[in-house]
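Q: structure of the sequence below:
(chains A, B, C and D)
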There are 2 protein chains.
Amino acid sequence: MLKYEMIVNDLQKRIMNEEFEENHKLPTEEKLIEEYKVSRNTIRNAIKILTNLGIVYSVQGNGMFVRAPKKKGTVYLNSTRGVTTDNPGNKIINKLLDIQVIETDEKLSQQMNCKLGTPVYYLKRLRIVDGVPYALERTYYNKDIVPYLGKEIAEGSIFRYLKDDLKLSFGFADKYLTAIKLSKEDAQLLNLNENDPAIMINDNIHLSNGLLFNTSNIIYNYQTTNFYSVAQ
Amino acid sequence: MLKYEMIVNDLQKRIMNEEFEENHKLPTEEKLIEEYKVSRNTIRNAIKILTNLGIVYSVQGNGMFVRAPKKKGTVYLNSTRGVTTDNPGNKIINKLLDIQVIETDEKLSQQMNCKLGTPVYYLKRLRIVDGVPYALERTYYNKDIVPYLGKEIAEGSIFRYLKDDLKLSFGFADKYLTAIKLSKEDAQLLNLNENDPAIMINDNIHLSNGLLFNTSNIIYNYQTTNFYSVAQ
DNA sequence: TAGTGGTCTAGACCACTTT
DNA sequence: AAGTGGTCTAGACCACTAG
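A: Down below sits the predicted model:
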């Protein structure tokens, strides 16, 4: 693991263990340099990442501070963390409602930035957290990049499969949010009523080489989910 | 102006002028070092900022690329840009519906991280873009930090007043998003119907010393507004 | 193999806050 | 005045991509 990654993880653990609860202050850069035996830039890189995640903030001439913790069930928009991380300690079930291989039509090929007729997996999943419908997800995976995707994978963690088994390396994701009225069918699946409000996210995940491999529409239960974003 | 700030601004201009349209590729780091006569780290810092804004992305061993442009009317969640920047070229009217000085009750003083009874400005504004109701905003400003706020300021750009006249320096903002059903009164103001969906953002803006000086609830018209966020 | 971005180091000086 | 984070430089070596 890279040095700065190790430091990010370690500091996150130390923050969760409430090591800096007293005055919410982290050790100074100088102390962190000694503790981790790295250069100043490496410390600053790690702190920058924690800042972008909304976990700490820095004040020139004063110090670095732990931010107020976020509520459980909050979706972090600035990182691709996955439902498991957003809902720590809760039981997550993925109900597969549909899975098939189709060829992209004009609209989808444009959206996925691939040739017309490219084979893609289409998945429809209902994600359930502690027995309560959490989100309804419709996802397309480019089959050139994800050659196989089965029921057994779709009901577990697709994320882990892509990362660990297919060794895909994620780059960045574009997320577009809108408020919508629920259709009758979607409302039924989410245990809500037709025309109830919902937040729909159009999520476009790119590999680290910039290729888009996945586009999905996720409709969230407005009663149980809220979203968090940091602006700098 | 700082070097990296200048480079960020200049590259943004060059991107908007479609200088890199041919293959969406930016000059290499080495070329940018020559062009701007700065060190590699300064270039990399500037590029990092543009990456976090969702404007460019980098591919190791290959190059740096311009991202697809976002639609107009899209609110960028990762930066505090203001309505004017999110709606370039459109006419923006701020209708002041209420303005008063009150003292914080328990709930508000906790939310604003200040003492009970602290005087705060309360403003209610309807923001209108090209004649169409865009957002309904209820904001509290800590009067210890913003000693004066008048009608004439509230109907113009409060943001500019705080930055240029009061010389406040913004640090970071926490944004919490939820989907809600519109109340009857709010719906009327936004030219929508009761129980229509809306996105409500609870926006907490901090100064660069970490002090929270402003908390607001903004309700957006779901028909005209969408939101954008990058995850890395 | 050459080119390009990613990680890491060491050190100088500046800007701001606290004492 | 002392302490702490912010900006900037110069240079080394690594990892990945493309020809």
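
Q: name the helices or strands packed onto the helix or strand hosting A:I219?
A: Following DSSP states H and E, the helix or strand that holds A:I219 is strand A:212-221. Using 3 or more Cβ pairs under 8 Å, 6 or more residues apart in numbering or on different chains; DSSP states H and E as the contact criterion, the secondary-structure elements in contact with strand A:212-221 are strand A:132-142, strand A:197-207. C-betas here are computed from N, CA, C, even on glycine.

Q: can you put those strands in TSV and add mean neighbour count?
A: Conversion of those to TSV gives the following (neighbours: other Cβ atoms under 10 Å in any protein chain shown):
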stretch	mean neighbour count
strand A:132-142	21
strand A:197-207	21
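
Q: for chain A, what helix or strand is lowest in average pLDDT?
A: Taking all helices and strands of chain A together, the one with the lowest average confidence (mean pLDDT, DSSP states H and E) is helix A:83-86, at a mean of 78.

Q: show me which residues of the very next helix or strand once past that one are buried.
A: Following helix A:83-86 in sequence order, the next helix or strand is strand A:92-103 (DSSP H and E). Within strand A:92-103, the residues that qualify as buried by neighbour count (16 or more other Cβ atoms under 10 Å in any protein chain shown) are A:I92, A:N94.

Q: re the thing from before, take the helices and strands packed on strand A:212-221 and write them to TSV, including mean pLDDT.
A: Putting the helices and strands packed on strand A:212-221 into TSV (pLDDT from 0 to 100) gives the following:
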stretch	mean pLDDT
strand A:132-142	95
strand A:197-207	95
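
Q: would you mind measuring from A:K181 to A:I199?
A: With distances defined as Cβ to Cβ, to the nearest Å, the gap from A:K181 to A:I199 amounts to 12 Å.

Q: mutual contacts of those two, please.
A: Between them, A:K181 and A:I199 share no contacting residue under Cβ atoms under 8 Å, 6 or more residues apart in numbering or on different chains.

Q: can you list the domains in chain A?
A: Annotated domains of chain A cover A:3-66, A:74-228 [automatic domain parsing].

Q: and those domains, which one is worst for confidence?
A: Ranked by mean pLDDT, the domains of chain A end with domain A:74-228 in last place, scoring a mean of 92.

Q: how far away from the center of its chain is that domain?
A: 10 Å (Cα atoms, centre = their mean, to the nearest Å).

Q: got the end-to-end distance for it?
A: Across its full length, domain A:74-228 reaches 6 Å between end residues, using Cα to Cα, to the nearest Å.

Q: the residue in chain A that DNA strand C sits nearest to: how many residues sit nearby?
A: Checking chain A residue by residue against DNA strand C with Cβ to the nearest atom of the strand singles out A:G61 as nearest, at 2.3 Å. A total of 5 residues lie near A:G61 under the criterion other Cβ atoms under 10 Å in any protein chain shown.

Q: next one: A:T215
A: For A:T215, the neighbour count with other Cβ under 10 Å is 20.

Q: beta partners of it?
A: Beta-bridge partners for A:T215, by DSSP bridges, are A:Y140, A:N204.

Q: before we move on, back to that, and the residue of chain A closest to DNA strand C, its phi and psi?
A: When quoted as degrees, to the nearest 10, the phi and psi of A:G61 stand at phi 80, psi 0.

Q: picking up where we left off before, adding distance to B:Y228, write the helices and strands packed on strand A:212-221 out as JSON lines.
A: As requested, the helices and strands packed on strand A:212-221 are exported to JSON lines (distance: least, Cβ to Cβ, whole Å):
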{"stretch": "strand A:132-142", "distance to B:Y228": "19"}
{"stretch": "strand A:197-207", "distance to B:Y228": "10"}
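
Q: would you mind listing what in chain A touches DNA strand D?
A: Chain A comes close to DNA strand D at residues A:26, A:28-30, A:40-41, A:44, A:47, A:58-64, A:208-209, as judged by Cβ under 7 Å from any atom of the strand.

Q: and the buried ones among those residues, selectable in ChimeraX?
A: Once 16+ other Cβ under 10 Å is used to decide burial, the buried members of these can be selected in ChimeraX as follows:
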select /A:26,44,47,58,59,63,64
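
Q: just the residues of chain A next to DNA strand D: which are in helices?
A: With DSSP state H as the criterion, helices contain A:E29, A:E30, A:R40, A:N41, A:R44, A:I47 from among the residues of chain A next to DNA strand D.

Q: great, nothing more from me.
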